[in-house]
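> Model the following, please.
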Amino acid sequence: MSRIGNKPITVPEGVEVTLNDHHITVKGPKGTLERDLHKNMTITMEENTIHVTRPNDEAENRSLHGLTRTLISNMIEGVVHEFKRELEINGVGYRAQKQGNKLVMNLGYSHNVEIEPPEGITFDLADANHITVRGIDKEVVGQTAAVIRTKRPPEVYRGKGIKYAEEHIRRKEGKAGKK
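Numbering: from 1, shown residues only. Below you'll find the predicted structure:
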């Protein structure tokens, strides 16, 4: 029995949810999100609550049940509050800056790394070493942060690179510490 899939989703004030067969549109103060949901799931809306049900207990339907409910919940949360992912740049001479809406990073390569934000994503810089990725779509925010992190992943010997703010890098000793 899916515990997440059985929870009803409450639609807050100021959010408009439109169900059209298996296509859902969520409009809120921060923007609009649309998504096609799997045909096996049944989505019903009564007043300001949404229920997701599955037709049977097959493995595929069980796994889709909780996923569908979470996707709808994240869409509603995203149009009310923005999602954000914070990154830290560690390393001598490593820094980031904004040029227009683009993110330009100096990461020790012979060239600067430029990242163009996808639609609906904004970059905020608290200083030259802290980047915040913001947007209403949780999936796109996470993917954009992951793409930025791949430009210089954290290194375990000196701790240089780009890491998530909450991430902890386990440091290794060099070969001098092996004796």
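> quick one, what contacts the spatially closest residue to Arg170 that is not a sequence neighbour?
Excluding the flanking residues, the one nearest Arg170 by C-beta to C-beta, 6 or more residues apart in numbering is Val156, at 6.6 Å. C-beta: built from backbone N, CA, C; applies to glycine. By C-beta atoms under 8 Å, 6 or more residues apart in numbering, the contact set of Val156 is 169-172.
> centroid residue for the chain?
Geometric centre of the chain, nearest residue: Gly142, 2.8 Å, by C-alpha atoms, centre = their mean.
> Dihedrals phi and psi, it?
When read as degrees, to the nearest 10, the backbone of Gly142 gives phi -60, psi -40.
> who's the nearest residue to it once chain neighbours are set aside bridged to?
Leaving out its chain neighbours, the residue that sits closest to Gly142 by C-beta to C-beta, 6+ apart is Arg85, at 6.2 Å. With DSSP bridges as the criterion, Arg85 is bridged to Val133.
> cool, Ile162 as well?
Applying DSSP bridges to Ile162 gives these bridge partners: Ile89.
> sorry, back to before: state the distance from the residue nearest to Arg170 to Val80.
Distance, Val156 to Val80, by C-beta to C-beta, to the nearest Å: 39 Å.
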